[in-house]
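*Asks:* 3D, please:
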Amino acid sequence: MLIFGPCASAQPVAPTEPQPAAASPSPAVTAPAPPTLTRLREGTEVDLTLDDALSSKTSAEGDKFSVTTSEPIKLGDGSVIPAGFHGRGDVSSVERNGMMGKPGQLSVRLDYVMIGDTKVHLRANKSQEGKSNQTNVVVLSLLITPLFLLMHGKEATIPKGATLVGYVDSDVDLPTPIAAPPPRN
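*Replies:* I've put the predicted structure just below:
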């Protein structure tokens with residue numbers, strides 16, 4: 001005779017559900033790292049070379065001209081942006097030379113320089129005045145003849161290769177590393 005105790009009761013056993021397999025680690029999906037930025041501070045000096053010759057005889061107000069950075073740009077953190085980046089400026093005013101020895105005058109202003117894909121606005125103005133002949137005209141006209149009153153002053157010129165100094169107009173963040181400047185076409 002068999003005696004069943006409380007432990008051997010015949011209770012139905014619920015079927016066990018299959019346990020999900022332990023999740024295998026999936027490869028980590030990482031977002032691309034944000035670009036590293038370096039700040040070019042307002043007031044940073046930028047040495048430039050004029051790529052075009054300008055003259056009060058041939059230039060007109062609003063004419064554009066090109067410039068190239070001539071020296072590396074030193075940043076506050078000790079890094080350096082190499083020379084050779086290109087930019088633009090424009091002629092802001094022109095006065096032709098005139099009679100009675102009046103010299104020509106030419107004023108230009110810098111607009112920007114492109115560093116990589118970033119336009120860095122600059123501030124700088126340069127004015128040039130031709131040589132005046134007014135003193136010579138007055139003296140000679142009094143002594144010799146009034147035809148000297150027709151004598152003209154010299155044109156104002158800024159030759160190709162002249163150096164200009166511009167200053168960064170406002171803080172600019174540049175993505176780094178900064179690629180080498182593009183070659184001039």
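*Asks:* okay, now residue 57: neighbour count?
*Replies:* A count of nearby residues for residue 57, using other C-beta atoms under 10 Å, gives 15. (C-beta placed from N, C-alpha, C; glycine too.)
*Asks:* Residue 167 too?
*Replies:* By other C-beta under 10 Å, the residues close to residue 167 number 13.
*Asks:* I figured it hits residue 41, correct?
*Replies:* No - the pair residue 167 and residue 41 does not pass the contact test of C-beta atoms under 8 Å, sitting 10.1 Å apart.
*Asks:* Now tell me what touches stretch 75-85 from outside.
*Replies:* Contacts of stretch 75-85 with the rest of the structure, by C-beta atoms under 8 Å, 6 or more residues apart in numbering, involve 38-41, 44, 47, 68-74, 113-115, 174, 176, 178, 180-181.
*Asks:* Quick check on those residues: which are buried?
*Replies:* Among those, those buried by neighbour count (16 or more other C-beta atoms under 10 Å) are 38, 40, 44, 68, 69, 70, 73, 113, 115, 174, 178, 181.
*Asks:* so who does the second one touch?
*Replies:* Yep, that's residue 40 we're talking about. 73, 75, 81, 115, 120, 168, 171, 172, 173, 174.
*Asks:* Would you mind listing which of these are buried?
*Replies:* Neighbour counting over these (16+ other C-beta under 10 Å) leaves 73, 81, 115, 120, 168, 172, 174 as the buried ones.
*Asks:* Backbone dihedrals for the last one, please?
*Replies:* The phi and psi values for residue 174, taken as degrees, to the nearest 10, are phi -110, psi 130.
*Asks:* Could you tell me which residues make contact with it?
*Replies:* Contacts of residue 174 (C-beta under 8 Å, 6+ apart): 37, 38, 39, 40, 81, 115, 116, 118, 120.
*Asks:* and it, what are its bridge partners?
*Replies:* residue 38 (DSSP bridges).
*Asks:* and the gap between it and residue 44?
*Replies:* For residue 174, the distance to residue 44 under the criterion C-beta to C-beta, to the nearest Å works out to 11 Å.
*Asks:* With that, I have no additional questions.
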